[in-house]
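1. need a structure here:
(2 chains)
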Amino acid sequence: DGGITQSPKYLFRKEGQNVTLSCEQNLNHDAMYWYRQDPGQGLRLIYYSQIVNDFQKGDIAEGYSVSREKKESFPLTVTSAQKNPTAFYLCASSIGEHRGGNNEQFFGPGTRLTVL
Amino acid sequence: AQSVTQLGSHVSVSEGALVLLRCNYSSSVPPYLFWYVQYPNQGLQLLLKYTSAATLVKGINGFEAEFKKSETSFHLTKPSAHMSDAAEYFCAVSVSGYNKLIFGAGTRLAVHP
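-> Next comes the predicted model:
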């Protein structure tokens, strides 16, 4: 089964700790994305990557970091610098426009992060 | 720059009634348009997409949307609501070369008996 997996589904963190959210895809997609979703709000883009070893900041990158060492993986680290990290985090992927894609994104099931 | 406006953060309909969720976009070039659905504590699932082919697009679960360039709209409809349609719906826009989707704020659909 092809798809996107995110782990863990629920994550609890103490204030001041860094935490890393996992995102893996086996769709052979070039592009990957991280979004944050808060109650009553839409999706806000944190980081995105169009190709391995390259990524760009989205609209709310402060307090977050990413890496893209493998095509299949795009982990997100929520650092202690993120002032209000409690939220639902969604990872997505897409084919990539250079391969004829139209930016249709496929989403993982999400990780709910709670800071205690 | 592209943008998306979804009119109505909450919509409530009776089971069997027409569902109409509104989406207006702003784009200086021909857009790609998408509707996604999100059930509680889950990721987003694609309902349908417009990619410059037919202006009336049919999707999953009986939903459809019509691209109207003159009105810059891409409203989502379903003739008869089902209880299982209760969810949050997101409209999104993208254009060639942009490499990102711009999402609307979402519309929460409630279906009551």
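2. from A:T5, how far off is the residue nearest the centre of chain A?
-> In chain A, the centroid-proximal residue (C-alpha atoms, centre = their mean) is A:W34; its distance is 2.7 Å. Distance, A:W34 to A:T5, by C-beta to C-beta, to the nearest Å: 14 Å. Where C-beta positions appear, they are placed from N, C-alpha and C, glycine not excepted.
3. again with A:L43
-> 19 Å.
4. then B:Y36?
-> Applying C-beta to C-beta to B:Y36 and A:T5 gives a distance of 19 Å.
5. between these two, who's got more neighbours?
-> B:Y36 (25 against 12; other C-beta atoms under 10 Å in any protein chain shown).
6. next up, the contacts around A:R112.
-> Residues counted as contacts of A:R112 (C-beta atoms under 8 Å, 6 or more residues apart in numbering or on different chains) are A:K9, A:Y10, A:L11, A:A87, A:F88, A:Y89, B:N41.
7. repeat that for 6 Å
-> Contact analysis of A:R112 by C-beta atoms under 6 Å, 6 or more residues apart in numbering or on different chains lists A:Y10, A:F88.
8. state the mean pLDDT of the one helix or strand it maps to.
-> In the assignment (DSSP states H and E), A:R112 maps to strand A:111-115. Computed over strand A:111-115, the mean pLDDT rounds to 95.
9. likewise for stretch A:11-28?
-> 94.
10. can you give me the end-to-end span of it?
-> End-to-end distance of stretch A:11-28 (C-alpha to C-alpha, to the nearest Å): 27 Å.
11. does that stretch come close to chain B?
-> No: Stretch A:11-28 does not reach chain B (C-beta under 6 Å from any C-beta of the partner chain); its nearest approach is 11.0 Å.
12. pLDDT score assigned to residue 100?
-> In the absence of a named chain, this looks at chain A. For A:G100, the predicted pLDDT is 65.
13. the chain in question should be chain B.
-> So, for B:K100, pLDDT stands at 84.
14. from B:Y32, how far out is it?
-> Taking C-beta to C-beta, one finds B:K100 at 11 Å from B:Y32.
15. dump the residue contacts of the residue nearest to the centre of chain A.
-> A:I46, A:Y47, A:L76, A:C91.
16. distance from the chain centre to the helix or strand hosting it, please.
-> Using DSSP H and E, A:W34 maps to strand A:31-37. Centroid separation between strand A:31-37 and its chain, computed with C-alpha atoms, centre = their mean, to the nearest Å, is 4 Å.
17. can I assume B:S84 sits in a helix?
-> Yes: according to DSSP: H, G, I helix; E, B strand; the rest coil, B:S84 belongs to a helix.
18. how many neighbouring residues does it have?
-> Neighbour tally, B:S84, other C-beta under 10 Å: 9.
19. can you check A:N28 too?
-> Counted with other C-beta under 10 Å, A:N28 comes out at 11.
20. chain A contacts on chain B?
-> B:Y32, B:Q42, B:G43, B:L44, B:K49, B:T51, B:S94, B:N99, B:L101, B:F103, B:A105, B:G106.
21. so what's the residue most central in space within chain B closest to, chain neighbours aside?
-> Note on chain B: the residue nearest the mean C-alpha position is B:W35, at 3.6 Å, using C-alpha atoms, centre = their mean. Excluding the flanking residues, the one nearest B:W35 by C-beta to C-beta, 6 or more residues apart in numbering or on different chains is B:L47, at 4.3 Å.
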